[in-house]
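Novice: Sharing a model prediction with you, sequence too.
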Amino acid sequence: MAVGTGEQVKLLGAWASPYVARVKLALHLKGVSYEYMEEDLTNKSERLLRSNPVNKKVPVLIHGGKPICESQVIVQYIDEAFASVGPTLLPADPHERAVARFWATYVDDKVLLPWGMLLRAKTDEERAEWTRQTLAAVDVLEEGVRECSKRKVFFGGDDVGYLDVLLGGMVPWVYATKKISGHNFLDASKAPLLAAWMERFAELDGTKAVFQDVDSLVEYVGTVLYGTTVSN
Ligand SMILES: N[C@@H](CCC(=O)N[C@@H](CS)C(=O)NCC(=O)O)C(=O)O
């Protein structure tokens, strides 16, 4: 049962997914209980195909039998549907809300995309190019979030907010990527604000319950993305 509504909440996910992790983070931070259903993405269930017929991807949140797709949309939905419980994730001010959404979209389009390609790269040239693009995007992100964070503890202010949750899904992947490629994308010398934020975020009780084991992610990249084992 979900806190505050009485309607059942189900999450279709895949354990390694940073997009699924952000939805779990939002549910945990809000204190919404839910049933988690792991999908085999090589053999998608009827439930997934029926719930997300357009993209056929996880995460999908099913609330009271109705599916909601796309992690950013889901996190916003959780904030609105469970407004009476837990912290409010999106800022109250419309402009601040728009800025948080802007950077969330930037993270997906400009940071996660080349990062994912880097982890799938087959040649050194490809790897170098995707690394360059990811590092360039992180540079822009560091400056952008510096503007909107107003020197508060989290991007949401004194408490975790929308952008924290969206970036938070990447945290275990930052550590896994470092083990795999040697690159720490949120290195304190290059992205001091993001690096300090990551340490604070990783220390929260709610995040530890959600974060994937880093060595399992490293193994996942070797066996699932490459089809071989990566030594770390
Ligand atoms: N934009 C989507 C991306 C979700 C996504 O890429 N999910 C991956 C797992 S990390 C997936 O379901 N892949 C299955 C497929 O592409 O067939 C979101 O934010 O929810």
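Specialist: Looks like it arrived, so ask away. Numbers count the residues shown, from 1 in each chain.

Novice: what about the nearest residue to residue 41 once chain neighbours are set aside, how many residues close to it?
Specialist: The shortest distance from residue 41 to any non-neighbouring residue, by Cβ to Cβ, 6 or more residues apart in numbering, is to residue 14 (5.4 Å). The C-beta positions use only the backbone N, C-alpha and C, and glycine is treated the same way. Neighbours of residue 14 under the rule other Cβ atoms under 10 Å: 17.

Novice: which residues sit in contact with residue 14?
Specialist: Each residue near residue 14 by Cβ atoms under 8 Å, 6 or more residues apart in numbering is listed here: 20, 38, 39, 41, 58.

Novice: what sits against the residue lying closest to residue 146 once chain neighbours are set aside?
Specialist: Computed as Cβ to Cβ, 6+ apart, the closest residue to residue 146 that is not its neighbour in sequence is residue 193, at 5.4 Å. By Cβ under 8 Å, 6+ apart, the contact list for residue 193 reads 142, 145, 146, 149.

Novice: again, only this time at 10 Å
Specialist: 141, 142, 143, 145, 146, 149, 151, 155, 186 (Cβ atoms under 10 Å, 6 or more residues apart in numbering).

Novice: May I see those organised as JSON lines, with distance to residue 33 added?
Specialist: As requested, the contacts of residue 193 are exported to JSON lines (distance: Cβ to Cβ, whole Å):
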{"residue": "141", "distance to residue 33": "33"}
{"residue": "142", "distance to residue 33": "36"}
{"residue": "143", "distance to residue 33": "39"}
{"residue": "145", "distance to residue 33": "31"}
{"residue": "146", "distance to residue 33": "36"}
{"residue": "149", "distance to residue 33": "31"}
{"residue": "151", "distance to residue 33": "35"}
{"residue": "155", "distance to residue 33": "26"}
{"residue": "186", "distance to residue 33": "31"}
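
Novice: Domains in the protein, by residue range?
Specialist: 9-81, 94-225 (automatic domain parsing).

Novice: nearest to residue 88, of the ones you listed?
Specialist: Ranking the domains of the chain by proximity to residue 88 (Cβ to Cβ) places domain 9-81 first, at 6.5 Å.

Novice: hmm, back to that, give me the buried entries from the contacts of residue 14.
Specialist: Buried subset of the contacts of residue 14 (neighbour count, 16 or more other Cβ atoms under 10 Å): 20, 39, 58.

Novice: The first one touches residue 11, doesn't it?
Specialist: In other words, residue 20. Yes - at 7.4 Å, residue 20 and residue 11 qualify as touching, with contact defined as Cβ atoms under 10 Å.

Novice: coming back round to it: for the residue nearest to residue 41, report the pLDDT, please.
Specialist: Looking at residue 14, its pLDDT stands at 98.

Novice: do the host helix or strand of residue 24 and the ligand meet?
Specialist: Counting by DSSP states H and E, the element that carries residue 24 is helix 18-30. Yes - with Cβ under 6 Å from any ligand atom as the measure, helix 18-30 is seen reaching the ligand through residue 19.

Novice: again, but for stretch 56-67
Specialist: Yes - Stretch 56-67 comes into contact with the ligand (Cβ under 6 Å from any ligand atom), by way of 56, 57, 58, 59.

Novice: From those residues, which land in strands?
Specialist: Counting by DSSP state E, no part of those is found in strands.

Novice: Pick out whichever of those residues sits closest to residue 96.
Specialist: Nearest to residue 96 among those, with distances taken as Cβ to Cβ, is residue 59, at 25.3 Å.
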